[in-house]
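Enquirer: how would this look folded up:
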Amino acid sequence: MQLHFIAIGGSIMHSLAIALHHKGYIITGSDDEIFEPAYSELSLAGLLPINTGWDSLKIHKNLDFVILGMHARSDNPELLRALELKIPVYSFPEFIYKQTQNKKRIVVAGSHGKTSISSMLMHTFKHLDLSFDCLVGSSIKGMGQQVSLGNHTAFAIIEGDEYLSSAIDSKPKFLHYKPDYAIITGIAWDHYNVYPDFKNYLKQFQLFIESMPEDSVLVYNNTDTYLPLLVKQYGRHLRCLPYHCLNYIVQEGKNIIRYEGEAYRLAVFGRHNIENISAVIRLGEALKVNTKKMLQALTTFPGAGRRLELLAESPVTKVYYDFAHAPSKVAATVKAVKETFPEKKLIACLELHTYSSLNKSFLPQYKGSMNKADHAIVFYNPHALALKKLTLDKDDVKSGFDLKDLIIFDNSAALKNYLLSLNYRHAILLFMSSGNFDKMDLSEIATFASTKSHNT
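Expert: I've put the predicted structure just below:
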């Protein structure tokens, strides 16, 4: 079969293209920009477009169908040509459902923790020799591509996003999957550009619950503000299993779970990750998998890519990077680091990069999110504002966070100089962003912080 990917450079899109290429599909693709790691991975697979940009001549009648990425606009010339030729056009969640209809689909949804829980499930299934396909938002060590599709796998582990499917399909991605098993981690307002009203955002999770087939299993966080009521009202056709945080202690910078008289020392840390593990264990119970075997497997889980990733360390300093960007994610990450290293000074540096975070109407959602940091820094890039056609100034940021000693930068060079001036002895430096801090070299700063602190 011949497929064409419009916006092949996306995180999931390029991984899906490579997975299908390995299955024997003939793949072509286009994009106006392709960044790392997609650029290198597509190049290695022989799928990197020769030229950047859109070309309607790539769309021809020999194509079996087209997969449309969210990055592409509705007036994309390749999309218009495909519609003109009546070639089937699918969003990637539509296509994933078609590829996994004969498998047990496990969908992880929620405003936070989706990638971590999906990765934990993949790691555990691999240790227990349970075959699975996957679609997850980040890579994890030893798991290969973010998307895999096999011919004889029993399960499909899918990260279920509430964002729109494509420019011509306004349905949230997770409504396509019709899961046999689902986890919902919690609900905290996000994607302000699509859901400027919280009630509408909340409605999408109601629709997700209602979309699940009769007698399928829903594992949900019963400590969340909104989920218990949603499940009670709209999940009566499901087998609903609540979860909450497992018992654990923090010892010498490590989180240890206590379960039935045994201790399980983890490689990841933070209360939010203990809650994530609890969700995985609850799902395992529904699958009749031994809990102790699952916990033992999870002691070696290294964490998902870009989630509390250790960039550098010395005997007295650690530097982490986390993908946190939404208010609930920022708050959970800051809390996790401070709880694990209470004796160290926490220097937290957040980049506002998404449409939601750069919108002055949404900024008050960040109030309290960085209060546990000893030294809080926020950066935003005027270029990112211009691309999103938004306006924002330092007073807006100050007001939104409502944090007295907050330090704010709108220039990456000034931010870098400031970070290089700080004392990192007995400190944790935490970077948080879904962007790249205006291409600032975080590894350079991380090395400086760890080396300087050790030599001081």
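Enquirer: what's the distance between residue 284 and residue 298?
Expert: 10 Å (Cβ to Cβ, to the nearest Å). For glycine as for every other residue, the C-beta is placed from the backbone atoms N, C-alpha and C.
Enquirer: cool, residue 264 as well?
Expert: Using Cβ to Cβ, residue 264 is found at 7 Å from residue 298.
Enquirer: Scan the chain for its longest helix.
Expert: Across the chain, the longest stretch assigned as helix under DSSP state H is helix 271-286.
Enquirer: Average pLDDT for the following helix or strand past that one, rounded please.
Expert: Next along the chain after helix 271-286, taking DSSP states H and E as the criterion, comes helix 291-298. Averaged across helix 291-298, pLDDT comes to 97.
Enquirer: all helices for the stretch 151-300 of the chain, in order.
Expert: 198-211, 227-234, 271-286, 291-298 (DSSP state H, counting those that start in this stretch).
Enquirer: Would you mind finding the most buried of those helices?
Expert: When those are scored by mean count of other Cβ atoms under 10 Å, the highest mean neighbour count falls to helix 271-286 (a mean of 22).
Enquirer: Measure how it sits relative to helix 291-298, angle-wise.
Expert: Per axes from the mean of the first three to the mean of the last three Cα atoms, to 10 degrees, the angle that helix 271-286 makes with helix 291-298 is 140 degrees.
Enquirer: and the gap between the residue lying closest to residue 376 once chain neighbours are set aside and residue 430?
Expert: Excluding its sequence neighbours, the residue lying closest to residue 376 (Cβ to Cβ, 6 or more residues apart in numbering) is residue 370, at 4.3 Å. Shown here: residue 370 relative to residue 430, a distance of 10 Å by Cβ to Cβ.
Enquirer: anything in contact with each of these two?
Expert: Contact with both residue 370 and residue 430 is made by residues 334, 348, according to Cβ atoms under 8 Å, 6 or more residues apart in numbering.
Enquirer: Poorly predicted segments of the stretch 151-300 of the chain, please.
Expert: Residue ranges of the stretch 151-300 of the chain with pLDDT under 70: none are present.
Enquirer: you'd agree the residue nearest to residue 376 is up against residue 401?
Expert: Yes. Taking contacts as Cβ atoms under 8 Å, residue 370 lies within contact range of residue 401: 6.5 Å.
Enquirer: Can you point out the buried residues in stretch 421-436?
Expert: Buried residues in stretch 421-436, defined by neighbour count with 16 or more other Cβ atoms under 10 Å: 422, 424, 425, 427, 428, 429, 430, 431, 432, 433, 434, 435.
Enquirer: State the distance spanning the first to the last residue of it.
Expert: 21 Å (Cα to Cα, to the nearest Å).
Enquirer: Stretch 364-380 now?
Expert: With Cα to Cα as the measure, stretch 364-380 spans 16 Å from end to end.
Enquirer: Then stretch 305-319?
Expert: Distance between the two ends of stretch 305-319: 15 Å, counting by Cα to Cα.
Enquirer: excluding its backbone neighbours, what's nearest residue 360?
Expert: Excluding its sequence neighbours, the residue lying closest to residue 360 (Cβ to Cβ, 6+ apart) is residue 396, at 4.4 Å.
Enquirer: Summarise which helices and strands whichever strand or helix holds that neighbour is packed against.
Expert: Assigned by DSSP H and E, residue 396 belongs to helix 394-401. Helices and strands touching helix 394-401, by 3 or more Cβ pairs under 8 Å, 6 or more residues apart in numbering; DSSP states H and E, are strand 375-380, strand 407-409.
Enquirer: moving C-terminal of the longest one, what's the next helix or strand?
Expert: In other words, strand 375-380. Following strand 375-380 in sequence, per DSSP H and E, is helix 382-387.
Enquirer: Contacts for that following helix next, please.
Expert: Here helix 382-387 makes contact (Cβ under 8 Å, 6+ apart) with 353, 358, 391, 392, 410, 435, 438.
Enquirer: Centre of the chain to it, how far?
Expert: Centroid separation for helix 382-387 versus its chain: 23 Å, with Cα atoms, centre = their mean, to the nearest Å.
Enquirer: what is the mean pLDDT for that helix?
Expert: For helix 382-387, mean pLDDT rounds to 92.
Enquirer: got the buried residues for that helix?
Expert: Of the residues in helix 382-387, 384, 385 count as buried by neighbour count, 16+ other Cβ under 10 Å.
Enquirer: quick check: domain ranges of the chain?
Expert: Per automatic domain parsing, the structural domains of the chain span 2-87, 95-298, 309-455.
Enquirer: tell me how far the ends of the shortest one are from each other?
Expert: As for domain 2-87, its first-to-last residue distance stands at 11 Å under the measure Cα to Cα.
Enquirer: what do you get for the longest one?
Expert: From the first residue to the last, domain 95-298 extends over 31 Å; the measure is Cα to Cα.
Enquirer: hang on, the earlier thing: let's have the helices of the stretch 151-300 of the chain in a markdown table, adding distance to residue 78.
Expert: Formatted as a markdown table, those follow (distance: least, Cβ to Cβ, whole Å):
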| stretch | distance to residue 78 |
| --- | --- |
| helix 198-211 | 29 |
| helix 227-234 | 39 |
| helix 271-286 | 39 |
| helix 291-298 | 43 |
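Enquirer: Looking at those, which is nearest to residue 154?
Expert: helix 271-286 (14.6 Å; Cβ to Cβ).
Enquirer: how distant is that closest one from the center of its chain?
Expert: Chain-centre distance of helix 271-286: 17 Å, with Cα atoms, centre = their mean.
Enquirer: repeat for stretch 47-59
Expert: With Cα atoms, centre = their mean as the basis, stretch 47-59 stands 28 Å off its chain's centre.
Enquirer: Perfect, I'm done here.
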